[in-house]
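J.: One predicted model, sequence on top.
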There are 2 protein chains.
Amino acid sequence: MTVRVLLADDEHLIRGALAALLALEDDLVVVAEAATGPEALAMARAHAPDVAVLDLQMPGADGVKVATSLRAELPACKVLIVTSHGRPGHLKRALAAGVRGFVPKTVSAQRLAELIRTVHAGNRYVDPELAADAISAGDSPLTAREAEVLEHAADGAPVAEIAERAALAEGTVRNYLSSAATKLGAENRHAAVRLARERGWV
Amino acid sequence: MTVRVLLADDEHLIRGALAALLALEDDLVVVAEAATGPEALAMARAHAPDVAVLDLQMPGADGVKVATSLRAELPACKVLIVTSHGRPGHLKRALAAGVRGFVPKTVSAQRLAELIRTVHAGNRYVDPELAADAISAGDSPLTAREAEVLEHAADGAPVAEIAERAALAEGTVRNYLSSAATKLGAENRHAAVRLARERGWV
DNA sequence: CACCGGGCATGACAAATGTCAGGGCCGGGG
DNA sequence: CCCCGGCCCTGACATTTGTCATGCCCGGTG
């Protein structure tokens, strides 16, 4: 009755250390490791693990995107996400993607092992503190277009460029940017981008 | 002839895993752990380790600041910095602070153990890739005022506010912002802030 | 000394950005 | 059915931001 685990994290140091620690548990076995989103997906297809432990931020595709694909291809594989910087919005999106567990990297390895068993048993677990943050932060007040335009504005692009990419008039883009900034209580669109990112709304 | 090591990283999961792996090495012993900059300093004072392994980004004070203090108080303690996201400027500042080693978290635990011995022996080591980045990125082309103004602009503040904080006319502020953006090859000041941050120049 | 060259600083002008008033569309109540 | 509210979209106008020409001061060079 061993649990087959896939480990995905771009930091080799951490991934290796984690693998070693989990190997100490009698009932857990790490069957595959990955350093990027696509790699994690490929490994999952090849090894069909019982539980996938994914880092939230990886090159290629983030943990939530991988979880979404996994949900479709390997419904039996439970997903547990670990993250360094807990953004409220990410938690919400992760749960929507069918993730079974969501914890910060501040937990101990012992606790992580327990949680792997927990999600494997079919239960859910989210870190209480992150959950509290997510609830107090509430839902994103942004409409679909506002969020879309904000995303395009993320790297400091001029309005003309955003307008072209979104196929909108410049005036319209300015409007969405402005209303988004107002809703977030930001002085201008750049501060708005920062805030939205922090809350995980983009 | 055992090496006494201090481990500082805000992520408990990683710190614990690392401690466990390093404990497997006969000649290494972890004498203290810390989760924040100030804590690392206190631990170092209390235990006088041979080598301090510091994460670059920690709450309170970053690895470079801790290294600077350590240099003054415990000159015998060698510092090895590990980081997730290697910014060229940080490497430069770290070396200026007397750090003996600088590596990304993508190295293996085995390699890390070797490096701890390397710096303990009095040698230096910096990751070749990070070194190449630092060299190709070169020195900051920004003048003192340009960097100062860029820093104030970091959180998307309007020019008027920056001008007040820097005690400059608005026109002057715009000028520094503009010349900084030009030097960095950025479209506008916000993109410039991002680039400068990436390179560790602010 | 006289003459650069570079950093620091400023105000005026042009260009980008933010704000406003308003119109079309759609779904839910009264 | 008709109205209301929310979302989507637009152009015109005011404000903010970016660019330019200009001047001062200082340290190094011929």
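T.: Alright, I've got the coordinates. What you are looking at is a predicted structure, and each value in this text was computed from that prediction instead of being measured.
J.: When you work out contacts or count neighbours from here on, use the C-alpha atoms and nothing else.
T.: Noted.
J.: which SS class is the closest residue to A:Ala44 other than its chain neighbours?
T.: In this structure, A:Ala44 finds its nearest non-sequential neighbour in A:Leu6, 7.0 Å apart by C-alpha to C-alpha, 6 or more residues apart in numbering or on different chains. Three-state assignment for A:Leu6 (DSSP: H, G, I helix; E, B strand; the rest coil): strand.
J.: Surely A:Leu6 and A:Asp55 touch.
T.: No - with contact defined as C-alpha atoms under 8 Å, A:Leu6 does not reach A:Asp55; the gap is 11.3 Å.
J.: Give me the sheet partners of the strand or helix carrying A:Phe102 and which way each runs.
T.: Here A:Phe102, judged by DSSP states H and E, is contained in strand A:101-104. Note on strand A:101-104: by DSSP bridges, its sheet partners are strand A:78-83 (parallel), strand A:125-126 (parallel).
J.: Tell me which of those strands is the most buried.
T.: Mean neighbour count (mean count of other C-alpha atoms under 10 Å in any protein chain shown) peaks for strand A:78-83 among those, with a mean of 26.
J.: moving C-terminal of that strand, what's the next helix or strand?
T.: Following strand A:78-83 toward the C-terminus (DSSP H and E): helix A:88-96.
J.: Residues of chain A that sit close to DNA strand D?
T.: Residues of chain A found near DNA strand D (C-alpha under 7 Å from any atom of the strand) are A:143-146, A:168-173, A:175.
J.: Could you spell out which stretches of chain A belong to which domain?
T.: What automatic domain parsing lists as the domains of chain A is A:3-136, A:144-198.
J.: just so I know, which of these lies nearest DNA strand C?
T.: With C-alpha to the nearest atom of the strand, the closest approach to DNA strand C among these belongs to domain A:144-198: 3.4 Å.
J.: End to end on the closest one, go ahead and measure it.
T.: Using C-alpha to C-alpha, to the nearest Å, one end of domain A:144-198 lies 18 Å from the other.
J.: again with stretch A:80-97
T.: End-to-end distance for stretch A:80-97: 12 Å, by C-alpha to C-alpha.
J.: Can you give the distance from that stretch to the centre of its chain?
T.: Taking C-alpha atoms, centre = their mean, to the nearest Å, one finds the center of stretch A:80-97 at 5 Å from the center of the full chain.
J.: Show me the contact partners of that stretch.
T.: Contacting residues not belonging to stretch A:80-97 are listed as A:51-57, A:63-64, A:67-68, A:71, A:99-106, A:116, A:119, A:130-131, A:133-135, A:137, A:139-140, A:198-201, B:11 [C-alpha atoms under 8 Å, 6 or more residues apart in numbering or on different chains].
J.: Which of those are buried? Put it as a ChimeraX command.
T.: What follows is the ChimeraX syntax for the buried subset of these, where burial is set by 16 or more other C-alpha atoms under 10 Å in any protein chain shown:
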select /A:51,52,53,54,55,56,57,63,64,67,68,71,99,100,101,102,103,104,105,106,116,119,130,131,133,134,140,198,199,200,201 /B:11
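J.: Just the contacts of stretch A:80-97: which are in strands?
T.: The strands, defined by DSSP state E, take in A:51-55, A:101-104 from these.
J.: Switch those over to JSON lines; also include pLDDT.
T.: Below are the ones in strands among the contacts of stretch A:80-97 laid out as JSON lines (pLDDT from 0 to 100):
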{"residue": "A:Val51", "pLDDT": "96"}
{"residue": "A:Ala52", "pLDDT": "95"}
{"residue": "A:Val53", "pLDDT": "94"}
{"residue": "A:Leu54", "pLDDT": "93"}
{"residue": "A:Asp55", "pLDDT": "91"}
{"residue": "A:Gly101", "pLDDT": "93"}
{"residue": "A:Phe102", "pLDDT": "93"}
{"residue": "A:Val103", "pLDDT": "92"}
{"residue": "A:Pro104", "pLDDT": "89"}
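J.: what's the nearest residue to A:Ala23 if we skip its chain neighbours?
T.: A:Ala23 sits nearest to A:Val29 (C-alpha to C-alpha, 6+ apart), 6.0 Å away.
J.: Give me the buried positions along stretch A:161-170.
T.: For stretch A:161-170, burial by neighbour count (16+ other C-alpha under 10 Å) applies to A:162-163.
J.: Not counting its own residues, what contacts it?
T.: A:149, A:152-153, A:159-160, A:173.
J.: hmm, which of these are the buried ones?
T.: A:149, A:152-153, A:159, A:173.
J.: Can you report how many residues neighbour the spatially closest residue to A:Glu198 that is not a sequence neighbour?
T.: Excluding the flanking residues, the one nearest A:Glu198 by C-alpha to C-alpha, 6+ apart is A:Arg87, at 6.2 Å. Using other C-alpha atoms under 10 Å in any protein chain shown, A:Arg87 has 19 other residues around it.
J.: Mind pulling the model confidence for A:Arg87?
T.: pLDDT, A:Arg87: 78.
J.: can you tell me the residue of chain A closest to DNA strand D?
T.: A:Thr172 (3.0 Å).
J.: Which parts of chain A are helices?
T.: Applying DSSP state H to chain A gives helices spanning A:12-23, A:37-47, A:63-73, A:88-96, A:109-120, A:128-137, A:144-152, A:159-166, A:170-184, A:189-198.
J.: how about those helices in CSV, adding distance to DNA strand C?
T.: Output for the helices of chain A, formatted as CSV (distance: least, C-alpha to the nearest atom of the strand, whole Å):
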stretch, distance to DNA strand C
helix A:12-23, 40
helix A:37-47, 33
helix A:63-73, 28
helix A:88-96, 23
helix A:109-120, 37
helix A:128-137, 23
helix A:144-152, 10
helix A:159-166, 4
helix A:170-184, 4
helix A:189-198, 4
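J.: Go through these and name the closest to B:Gly185.
T.: B:Gly185 lies closest, by C-alpha to C-alpha, to one member of the helices of chain A: helix A:159-166, at 17.3 Å.
J.: Could I get the average pLDDT for the closest one?
T.: Mean predicted confidence for helix A:159-166 is 93.
J.: Check stretch A:70-83 too.
T.: 92.
J.: Now do that stretch: distance from first to last residue.
T.: With C-alpha to C-alpha as the measure, stretch A:70-83 spans 18 Å from end to end.
J.: cool, and stretch A:74-85?
T.: 27 Å.
J.: so how far is that stretch off the chain centroid?
T.: 9 Å.
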